[in-house]
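Q: A predicted structure for the sequence below; I have some questions about it.
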Amino acid sequence: MSDSPVIDEITPDELYRDMRRGNPPYILDVRNEDEFANWVIEGLPADSLLNIPYFAFLEDEHGCLARVPRGRDVAVVCAKGGSSAFVASLLTQHGIRARNLQGGMIAWGDLHVTMRVPSPPALGLSLFQINRVGKRCLSYLIVSNGEAQVIDPARHIDWYMSLAQAQQAQLTRVIDTHLHADHLSGGPALARALGIPYHIRLDDAAGAQFPYHSLADGDRLALGSSVVEIITLHTPGHTPGSTSLLVNERYLLTGDTLFVSSIGRPDLGDKAEEWAQLLYRTLFDRIVGLPDDVLILPAHYSAVGEMRQDGIVATTLGEARQKNPVFQRRTEQQFLEYVLARLPAQPPIYQEIRRANLGRIVLDAEHAIEAELGPNQCAAALSPQV
Ligand SMILES: [Fe+2]
C-alpha cells in the first residue's frame with residue numbers, strides 16, 4: 001500500500017477567486033525555464049512566484065526544497081498538472097502546505113470568468129464580459145428580452161451557450177470584431193452549432209471557408225428589445241476589417257482597436273505603416289468624437305492593472321483620453337513614430353491561427369491547445385501615462 005499523502009488540489013477558479021480577494025497562495029511553477037519565460041500566472045503580489053523546474057527537484061531535492069518558503073500556502077503549477085502533483089506531494093511530505101493546480105497552465109488558460117457590466121435598468125439589456133484570464137482575452141454577451149448576441153467568443157463555445165441559457169435567452173447572432181490572430185475564434189463553430197448568423201467584415205474574412213455575413217459601417221444589429229441599438233462602426237487599423245460595436249451610445253466594444261491603456265498593434269499584416277495610418281484616422285477622426293462617458297470594452301488587456309477594482313476591464317473614453325498614451329500623440333507623424341517604434345515581435349504561430357480562423361486549416365484538439373499557449377500579444381507596447 002502506498003503511504004504517499006493525498007494531494008490537495010486548487011482549481012483555476014479557486015485560485016482566481018483567491019487572487020481577487022488579495023489572498024493568493026505562493027506559486028511554485030515547475031515548468032522549464034523557457035515555458036516560464038513565455039507565460040506565467042499574472043497579477044500576483046510581489047515575491048509570490050518562483051520557478052524551479054521539475055527536473056531540478058529530481059537532481060537536487062534538498063536544495064530545491066530549501067528555496068521554497070516555509071509557513072506559506074503553496075500552489076504548484078506545471079503545464080498539465082502532472083509533474084506539479086509530484087512536487088506538491090514532495091512538499092507535503094516535508095511539511096509544506098502545498099496544493100496542485102488542477103489541470104496546470106492549460107486549465108489556467110481555459111479559465112473563463114464572467115462579469116456583469118453594470119447597466120441602468122432603463123437600457124433594457126444585460127451586458128456580460130467574459131474574461132479568459134490566462135490569455136487576457138475578453139468576449140461579450142449582450143442579452144435583451146430573451147435574445148442574446150455573442151461578440152468575439154473563444155473556442156470553448158459551450159461556455160456561451162450555458163451563459164445564454166442561464167439568462168433564459170436564445171443566441172441569435174455571433175460577431176467577430178476582426179480576424180483574430182492570437183486565439184482560435186469560437187464564432188464560426190457557435191454559429192454552425194446553433195444555425196445562427198456569423199458576422200465579420202469582408203475585408204478580414206476574404207477567403208473564409210464558411211458562410212458569414214459581412215458587417216457594413218453603420219449597420220444596426222437588432223437585439224431583443226427595440227430599445228437596444230447596436231451600431232457597427234468600421235474602425236480599421238489593427239486589421240483592415242476591424243469593427244467596433246456601439247451599444248445604445250453608451251458602450252463601445254472596440255475589439256483590438258482601442259484598449260484601456262494601449263491600442264491594437266497595426267503590424268500583423270506586415271503593412272505596419274499603412275495600417276497605422278488607418279488606425280490614426282480611426283482613433284482621431286472617429287472614436288475621439290464620441291462622448292466622454294462612453295465605456296470602452298476591449299477584446300484584450302495587457303496587464304492586470306487595466307482591470308478596474310470591480311474586476312471588469314474597461315475605461316471611459318474620457319479617462320482613456322487622459323491616460324492612454326496614444327491620445328497624447330496628436331499629429332499623424334507623432335502617432336506613427338510613437339507606435340511604429342513600439343511593436344513587439346510577432347509570435348510565428350499567429351499566421352497559423354489566422355488560417356484556422358478562416359477555416360483554411362483545421363487544428364485537432366492537441367494542436368489547438370498548443371497554438372493558444374501563452375498570453376495574447378495583440379497590443380502595441382505603449383508605456384502607461386503617468
Ligand atoms: Fe486581434
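A: Cool, the structure landed. Numbers count the residues shown, from 1 in each chain.
Q: residues in this structure within reach of the ion, list them.
A: 256, 378 (CB under 5 Å from the ion). Every residue, glycine included, has its C-beta placed from N, CA and C.
Q: What is the burial count for the residue in the chain positioned nearest to the ion?
A: Using CB to the ion, the single residue of the chain nearest to the ion is Asp256, 3.6 Å away. With neighbours defined by other CB atoms under 10 Å, the count for Asp256 comes to 29.
Q: So it sits against Ser262, correct?
A: No - counting by CB atoms under 8 Å, Asp256 stays clear of Ser262, with 9.9 Å between them.
Q: Please identify every residue contacting each of those two.
A: Ala379 (CB atoms under 8 Å, 6 or more residues apart in numbering).
Q: Give me the neighbour count for the residue nearest to His94 when sequence neighbours are not counted.
A: Spatial nearest neighbour of His94, chain neighbours left out: Leu65 (5.6 Å); criterion: CB to CB, 6 or more residues apart in numbering. Residues lying near Leu65 (other CB under 10 Å) number 18.
Q: List the residues that contact Leu65.
A: 90-91, 94, 96 are the contacts of Leu65 under CB under 8 Å, 6+ apart.
Q: ditto for Gly318
A: Per CB under 8 Å, 6+ apart, neighbours of Gly318: 292-293.
Q: Just the element for it, please.
A: helix 317-323 (DSSP states H and E).
Q: From Asp47, how far out is Gly186?
A: Remark: distance between Gly186 and Asp47 (CB to CB, to the nearest Å) = 37 Å.
Q: neighbour-wise, which of the two wins?
A: Between Gly186 and Asp47, counted using other CB under 10 Å, the more crowded position is Gly186 (22 against 9).
Q: my read: the more buried one touches Ile151, true?
A: No - under the criterion of CB under 8 Å, Gly186 makes no contact with Ile151, lying 11.1 Å away.
Q: Tell me which residue lies nearest the centroid of this protein.
A: Cys137 (0.7 Å; CA atoms, centre = their mean).
Q: Show me which residues of stretch 334-348 are buried.
A: For stretch 334-348, the neighbour count (16 or more other CB atoms under 10 Å) marks 335-336, 338-339, 342-343, 347 as buried.
Q: and these, which of them are in helices?
A: 335-336, 338-339 (DSSP state H).
Q: out of those, which one sits closest to His199?
A: Closest approach between those and His199, by CB to CB: Val339, at 28.1 Å.
Q: re earlier: narrow the contacts of Leu65 to just the buried residues.
A: 90-91, 96.
Q: Reformat these as JSON lines; add pLDDT and secondary structure.
A: Formatted as JSON lines, the buried ones among the contacts of Leu65 follow (pLDDT from 0 to 100; DSSP: H, G, I helix; E, B strand; the rest coil):
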{"residue": "Leu90", "pLDDT": "96", "secondary structure": "helix"}
{"residue": "Leu91", "pLDDT": "96", "secondary structure": "helix"}
{"residue": "Ile96", "pLDDT": "95", "secondary structure": "coil"}
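Q: Can you tell me the closest non-neighbouring residue to Thr315?
A: Residue nearest to Thr315 in three dimensions, not counting chain neighbours: Val260, with 4.6 Å by CB to CB, 6+ apart.
Q: could you pull out the strands for the stretch 101-250 of the chain?
A: With DSSP state E, counting those that start in this stretch as the criterion, the stretch 101-250 of the chain has strands at 112-117, 126-132, 137-144, 147-151, 170-175, 198-199, 220-221, 230-234, 243-247.
Q: helices or strands next to the last one in the packing?
A: Other helices and strands packing on strand 243-247, by 3 or more CB pairs under 8 Å, 6 or more residues apart in numbering; DSSP states H and E, are strand 230-234, strand 251-255.
Q: residues in contact with the last one?
A: Okay, so that is strand 251-255. The contact list for strand 251-255 (CB under 8 Å, 6+ apart) reads 117, 119, 127, 140, 151-152, 177-178, 233, 235, 238, 242-247, 258, 264, 287, 290, 294-299, 317.
Q: I'd like the next helix or strand past it.
A: That would be, after strand 251-255 and using DSSP H and E, helix 272-281.
Q: Now do that next one: which elements does it pack against?
A: helix 332-340.
Q: Dump the helix it packs on to CSV, restricted to CA.
A: Output in CSV follows, covering the C-alpha atoms of helix 332-340 (Å, rounded to 0.1, in the frame of the first residue of the first chain):
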residue,chain,number,x,y,z
GLU,A,332,-0.2,61.7,-37.5
GLN,A,333,3.6,62.0,-37.7
GLN,A,334,3.9,61.8,-33.9
PHE,A,335,1.5,58.9,-33.7
LEU,A,336,3.3,56.9,-36.4
GLU,A,337,6.7,57.4,-34.9
TYR,A,338,5.5,56.5,-31.4
VAL,A,339,3.5,53.4,-32.4
LEU,A,340,5.9,52.0,-35.0
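Q: What mean pLDDT does the following helix or strand past it get?
A: Sequence-wise, the next helix or strand downstream of helix 332-340 (DSSP H and E) is helix 349-357. Mean pLDDT, helix 349-357: 95.
Q: Kindly report the same for stretch 366-381.
A: 87.
Q: Tell me which residues of that stretch come out buried.
A: 369, 371-380.
Q: rewinding a little: how about the buried residues of stretch 334-348, which pair is most distant?
A: Farthest pair in the buried residues of stretch 334-348, by CB to CB: Phe335 and Pro347, 24.7 Å.
Q: ok so, going back, of the ones in helices among the buried residues of stretch 334-348, closest to Ser83?
A: Of these, the one sitting nearest to Ser83 (CB to CB) turns out to be Val339, at 41.1 Å.
Q: then stretch 137-149 to PDB, C-alphas only?
A: What follows is stretch 137-149, C-alpha atoms only, in PDB (Å, rounded to 0.1, in the frame of the first residue of the first chain):
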ATOM      1  CA  CYS A 137      -8.900  37.700 -23.800                       C
ATOM      2  CA  LEU A 138     -12.300  39.300 -23.400                       C
ATOM      3  CA  SER A 139     -15.500  38.300 -25.100                       C
ATOM      4  CA  TYR A 140     -19.000  39.600 -24.500                       C
ATOM      5  CA  LEU A 141     -22.600  38.500 -24.300                       C
ATOM      6  CA  ILE A 142     -25.400  41.100 -24.700                       C
ATOM      7  CA  VAL A 143     -28.800  40.000 -23.600                       C
ATOM      8  CA  SER A 144     -32.200  41.700 -24.100                       C
ATOM      9  CA  ASN A 145     -35.700  40.500 -23.900                       C
ATOM     10  CA  GLY A 146     -34.900  36.800 -24.300                       C
ATOM     11  CA  GLU A 147     -32.300  37.200 -27.100                       C
ATOM     12  CA  ALA A 148     -28.500  37.300 -26.900                       C
ATOM     13  CA  GLN A 149     -25.600  38.100 -29.100                       C
END
